[in-house]
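> here is my input; please provide its structure:
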Amino acid sequence: MTEEPRADEETRPRRVVCTVPTFNESMNILALSRELLDLGPEYQVLVVDDDSPDGTWRLVRDAALKEPRLHLLHRTEDRGRGRAGRDGFLRALEMDADIVIEMDADFSHHPRYVPLLVERLCRRGSEVGLVLGSRGVEGGHDAERGLVRQWVTLLANLYIRVILGLPVRDCNSGFRCWRRETLQAIDVGKTFSEGPAIVQELLFKTARRRIGIAEVPIEFHNRAAGESTLTLRKLLKGYFTVLYLRWLALTGRI
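Numbering: from 1, shown residues only. Next comes the predicted model:
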């Protein structure tokens, strides 16, 4: 499941939209956008910015005047990682994307892996509708993190897999490659998670639809620059959301 496909086993997508939710990522976003656009003419970048005080959205807005494949969705209300992710997916579908990438802006998800995710999704004859950039499969690695952090990640993944019955190794990966049809099938516009738990919510909904999920190994790095907005409160809320998702499933509401 983690091997690279041969060229004759894959089909080339017409339009790939890379959605990048941002908040105070002025130190990273332009460099990341350029690397993504350099992957090929079929790639477009959609930055979904929650009115960053550091002016991230202004940098993207100005750069987009010279680069037609760079787009900005500037959000000033109902902010949060989950809402930004939802709105980014919806805008990507409006942009007529065949494939939608979601990834972080801080280079912890490196652009060099994007073509591997796309290739795995587009392999001819594949029934996969979602591909994860995974630290949990053979060849994947959680770089630059101490043993304690790695154990926390392993235990968190075990908790999510057991509670939700998910058939994947890296349930926390926010580095993902979606088919357009998958996002439509799970009705992404009805996503309810306000924060990072959107990652688990959409993964669970995909698995419940019996849509094929594959994992491609990546090396996950700490952010290149700037400060993380992930807090302990957000993490704990995410773990409670996992229980809520199981409750929704048991009561037939998801």
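> and residue 197, how far from residue 56?
Per C-beta to C-beta, to the nearest Å, residue 197 is found 23 Å from residue 56. Quick note: C-beta positions are derived from backbone N, CA and C, even for glycine.
> neighbour count for these two, which is higher?
residue 56 (26 against 23; other C-beta atoms under 10 Å).
> surely the more buried one and residue 27 touch.
No. Judged on C-beta atoms under 8 Å, residue 56 makes no contact with residue 27 at a distance of 9.0 Å.
> so where's the stretch 51-200 of the chain uncertain?
144-146 (pLDDT under 70).
> let me see the ranges of the strands in it.
70-74, 99-102, 128-134, 141-142, 176-179 (DSSP state E, counting those that start in this stretch).
> residue 44 falls within a strand, correct?
Yes. Judged by DSSP: H, G, I helix; E, B strand; the rest coil, residue 44 forms part of a strand.
> could I get the strands of the stretch 51-200 of the chain as TSV with distance to residue 191 and mean neighbour count?
TSV is the format used below for the strands of the stretch 51-200 of the chain (distance: least, C-beta to C-beta, whole Å; neighbours: other C-beta atoms under 10 Å):
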stretch	distance to residue 191	mean neighbour count
strand 70-74	15	19
strand 99-102	12	26
strand 128-134	15	24
strand 141-142	27	16
strand 176-179	13	26
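> quick one: which of those strands is nearest residue 206?
strand 128-134 (5.2 Å; C-beta to C-beta).
> number of residues surrounding residue 149?
With other C-beta under 10 Å as criterion, residue 149 counts 12.
> state the distance from it to residue 156.
Applying C-beta to C-beta, the value for residue 149 to residue 156 is 11 Å.
> ok, for residue 239, nearest residue in space, not its chain neighbours?
residue 159 (7.0 Å; C-beta to C-beta, 6 or more residues apart in numbering).
> pretty sure the one you found sits against residue 242.
Yes. With contacts counted by C-beta under 8 Å, residue 159 reaches residue 242, the gap being 7.2 Å.
> pick out the residue nearest the middle of the chain.
residue 102 (3.2 Å; C-alpha atoms, centre = their mean).
> ok, that residue - contacts?
18-21, 85, 88-89, 174-176, 178 (C-beta atoms under 8 Å, 6 or more residues apart in numbering).
> repeat the analysis, applying 7 Å as the threshold.
19, 85, 174, 176 (C-beta atoms under 7 Å, 6 or more residues apart in numbering).
> the last one contacts residue 132, doesn't it?
When you say that, I think you mean residue 176. Yes. Contact criterion C-beta atoms under 7 Å: residue 176 and residue 132 qualify, at 5.6 Å.
> that older thread, which among the strands of the stretch 51-200 of the chain is found nearest to residue 165?
strand 128-134 (16.1 Å).
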